[in-house]
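Novice: predicted model, plus sequence, below.
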Amino acid sequence: MAQNWMIYGAYGYSGELIAREAVARGLTPMLAGRNEHRLRTLANELHLGFRVFDLSDSAAVKRELEDMTLVLHCAGPFSATSGPMLEGCLASKTHYLDITGEMDVFEHAHREEIDKRAREAGIIVCPGVGFDVVPTDCLAAQLKRALPDLTELDLAFKAGGPMSPGTAKTSVEGMAGLSRIRKNGRIVETPLKTRRLDMGQGERTAVSIPWGDVSTAYHSIGVENIAVYVPVTERTVKRMKRLQSMRWLMGQPWVQAFMKRRIEKNVPGPTAKQRAKSRTYLWGEARNAAGKKVVGRFETPNGYDLTITAPLAIVTAVLNQSVSALGSTTPSALMGSEFVWSLPGVTALELTRLG
């Protein structure tokens, strides 16, 4: 197990955190990416092997993956990188995991064609094995168990602390579009939706965001109406609405490129101390046609810390062959609905039945 899996994007914010923790656990992943200097520096420090290749070279991707059992893909924005890496994994018969939260990546991975090819190749395709979307995916599965005939699902999270560069770049891409929800089984664009909810700290206004669970909860539990929210101030709601009115400008390539360059220069990602001080709060509400509701709440460590522990737990399970799924799947379907509660620092789930 120690020598046949790879972290691609190993010198990125989350990739490096995962690589360092892997070594602390006695694992020896192959490090990979396209920047030789940064790879060599990290690999030498951690006493690991490394491989330099660009995802734009499909032949090189296949060649470098042929002796790998599994890739943990950590190089974002995944809107640009997941497709080439996934194609390489399908060609080389290498299990594919990533830490994305991007809805379009999930939808692509769950296409019938991709699922069929993955099964034929004998591999697992499981995007979103980090904070995006392990906690909310497991929460959705638990709410399904508590209310089997649910027809609507709302999820929410409150995450403190600064963003990583990759998350910030993905947020910039999201400024070019509307919010997205799932309605009657289909993902649709919509102006910002607001609602009131209580994550255990008092009732607050929350606003809808185009989060990955709009895709994954459908594939995990089959619910056809899904929205994901974050609690914000009223001032933030107004600012977000102004940005949506300017999405024609935010989507211009030169604007996107300018903002991403600024992120690269100015966004280092949270320090260990900052992560330790900020926990993440999760909330979900399932509703059925009869008006019954089940609300669930729990807490996790900072999302970036969970994006260390959750991927490594899933990597270990896949390499040890303690999971048997093949094809396109989700974290809760692969690891079980209770998976997130096996990770350190996660509080017990509190369920409340209403109606």
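Specialist: On my side now, so go ahead.
Novice: tally of neighbours for residue 337?
Specialist: By other C-beta atoms under 10 Å, 20 other residues sit near residue 337. Yep, even glycine has a C-beta here, placed from its N, CA and C like the rest.
Novice: please read the previous query as pertaining to residue 297.
Specialist: 22.
Novice: residue contacts, it?
Specialist: Listed by C-beta atoms under 8 Å, 6 or more residues apart in numbering, the contact set of residue 297 reads 199, 200, 281, 282, 283, 284, 349, 350, 352.
Novice: how far away is it from residue 139?
Specialist: Residue 297 sits 9 Å away from residue 139, taking C-beta to C-beta, to the nearest Å as the criterion.
Novice: what do those two both touch?
Specialist: Contact with both residue 297 and residue 139 is made by residues 282, 284, 349, according to C-beta under 8 Å, 6+ apart.
Novice: which neighbouring elements make contact with the helix or strand where the first one lies?
Specialist: It refers to residue 282. Assessed by DSSP states H and E, residue 282 sits inside strand 280-288. Applying 3 or more C-beta pairs under 8 Å, 6 or more residues apart in numbering; DSSP states H and E, one finds that strand 280-288 contacts helix 134-146, strand 150-159, strand 194-198, strand 293-300.
Novice: pick the most deeply packed of the ones you listed.
Specialist: Sort the helices and strands packed on strand 280-288 by mean neighbour count, taking mean count of other C-beta atoms under 10 Å, and helix 134-146 sits at the top with a mean of 25.
Novice: kindly export that one (C-alpha atoms) in CSV.
Specialist: Written as CSV, here are the backbone C-alpha positions of helix 134-146 (Å, rounded to 0.1, in the frame of the first residue of the first chain):
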residue,chain,number,x,y,z
VAL,A,134,-18.1,14.4,3.4
PRO,A,135,-19.9,15.9,6.4
THR,A,136,-23.0,17.1,4.6
ASP,A,137,-23.1,13.9,2.5
CYS,A,138,-23.1,11.8,5.6
LEU,A,139,-25.7,14.1,7.2
ALA,A,140,-28.0,13.7,4.2
ALA,A,141,-27.7,10.0,4.5
GLN,A,142,-28.6,10.1,8.2
LEU,A,143,-31.6,12.3,7.5
LYS,A,144,-32.8,9.8,4.9
ARG,A,145,-32.6,7.1,7.5
ALA,A,146,-34.6,9.2,10.0
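Novice: got the angle between that helix and strand 293-300?
Specialist: 150 degrees (axes from the mean of the first three to the mean of the last three C-alpha atoms, to 10 degrees).
Novice: what separates the closest residue to residue 132 other than its chain neighbours from residue 31, distance-wise?
Specialist: Spatially, and ignoring its direct neighbours in sequence, residue 132 is nearest to residue 101 (2.6 Å; C-beta to C-beta, 6 or more residues apart in numbering). Distance of residue 101 to residue 31, computed by C-beta to C-beta: 23 Å.
Novice: about what we covered before: okay if I get the helices and strands packed on strand 280-288 as JSON lines plus mean pLDDT and distance to residue 205?
Specialist: Formatted as JSON lines, those follow (pLDDT from 0 to 100; distance: least, C-beta to C-beta, whole Å):
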{"stretch": "helix 134-146", "mean pLDDT": "98", "distance to residue 205": "19"}
{"stretch": "strand 150-159", "mean pLDDT": "96", "distance to residue 205": "11"}
{"stretch": "strand 194-198", "mean pLDDT": "93", "distance to residue 205": "6"}
{"stretch": "strand 293-300", "mean pLDDT": "97", "distance to residue 205": "17"}
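Novice: let me have these in TSV, extended by distance to residue 85.
Specialist: Listed next are the helices and strands packed on strand 280-288 as TSV, based on distance: least, C-beta to C-beta, whole Å:
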stretch	distance to residue 85
helix 134-146	20
strand 150-159	26
strand 194-198	36
strand 293-300	27
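Novice: quick one: which of the ones you listed is nearest residue 307?
Specialist: Residue 307 lies closest, by C-beta to C-beta, to one member of the helices and strands packed on strand 280-288: helix 134-146, at 8.5 Å.
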